[in-house]
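Student: Here is the input, now give the coordinates:
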Amino acid sequence: MLGLGFGWFAVGLTNLSVRVETSLAASKCVRLLACVIFLCVVVMKVFESYTSIRVYFWLYQFAIFLMMIPYVSIRHLKMLAPFSMLANVLTIIGLVVTVYYCVIDLPDVSDRPAVASASTLPLYFGIAIFTFEVNVFIVCITIDVDINLSHEKYSMLW
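Tutor: Numbers count the residues shown, from 1 in each chain. Alright, predicted model coming up:
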């Protein structure tokens, strides 16, 4: 009994830290699953509208998921800054294109009703609630990144 020691305990702790790190990585990937599915649908529609090639949906998911793994593995804020700048530029470009297409070929103001019918109120509230939920999701991701960047000793070592 005395010759066994506690070597098994140290091996168990090493395996435990690997398991914890793996489960944390898996939970982050699952949290990004909604973003992956949304991106897959958009990329699939764009790809299929410009080409005649039809690809299985799971291939889009796999490709986008593989592209997101290095991005979610970034731990230092200075490495995340170029991605943030690119996201800001793409957001501005998207807003400019959206406003442009909303403004061209507008009908005369006198041809439009001043107040919409009551049957469109559920659509309005659905869009408003969806926008609020997306904003809360983005804030939660930002808070998660801030927490991980502020506690580097608890984050993954790779």
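
Student: low-confidence ranges in this structure?
Tutor: Residue ranges of the chain with pLDDT under 70: 1-17, 29, 72, 75, 77, 141-158.

Student: if you set the cut-off to 90 instead, what comes out?
Tutor: Flagging of the chain using pLDDT under 90 yields the residue ranges 1-44, 46-58, 60-88, 91, 102-158.

Student: Quickly find the element holding the residue nearest the centre of it.
Tutor: Nearest residue to the geometric centre of the chain (CA atoms, centre = their mean): Cys35, 4.1 Å. Assigned by DSSP states H and E, Cys35 belongs to helix 33-50.

Student: re the thing from before, chain neighbours aside, what residue packs nearest to the residue nearest to the centre of the chain?
Tutor: Ranked by CB to CB, 6 or more residues apart in numbering and with sequence neighbours excluded, the top spatial neighbour of Cys35 is Met68, at 7.9 Å. Yep, even glycine has a C-beta here, placed from its N, CA and C like the rest.

Student: Hmm, that neighbour is touching Leu33, no?
Tutor: No - applying CB atoms under 8 Å, one finds Met68 not in contact with Leu33, separated by 10.2 Å.

Student: Looking at these two, which is more packed in?
Tutor: Met68 (16 against 11; other CB atoms under 10 Å).

Student: what residues are up against that one?
Tutor: By CB atoms under 8 Å, 6 or more residues apart in numbering, the contact list for Met68 reads 32, 35-36.

Student: Closest to Asn135 out of those residues?
Tutor: Cys35 (14.2 Å; CB to CB).

Student: neighbours of Tyr60, just the number please.
Tutor: Neighbours of Tyr60 (other CB under 10 Å): 19.

Student: That one - nearest residue in space that isn't next to it in sequence?
Tutor: Nearest non-adjacent residue to Tyr60 (CB to CB, 6+ apart): Cys40, at 4.1 Å.

Student: thinking the one you found is in contact with Phe62, fair?
Tutor: No - the pair Cys40 / Phe62 is not scored as a contact, 9.3 Å apart, by CB under 8 Å.

Student: Of these two, which one has the most company?
Tutor: Cys40 (19 against 13).

Student: need the contacts of Met68 in JSON lines with distance to Val97, can you?
Tutor: Listed next are the contacts of Met68 as JSON lines, based on distance: CB to CB, whole Å:
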{"residue": "Leu32", "distance to Val97": "26"}
{"residue": "Cys35", "distance to Val97": "21"}
{"residue": "Val36", "distance to Val97": "24"}
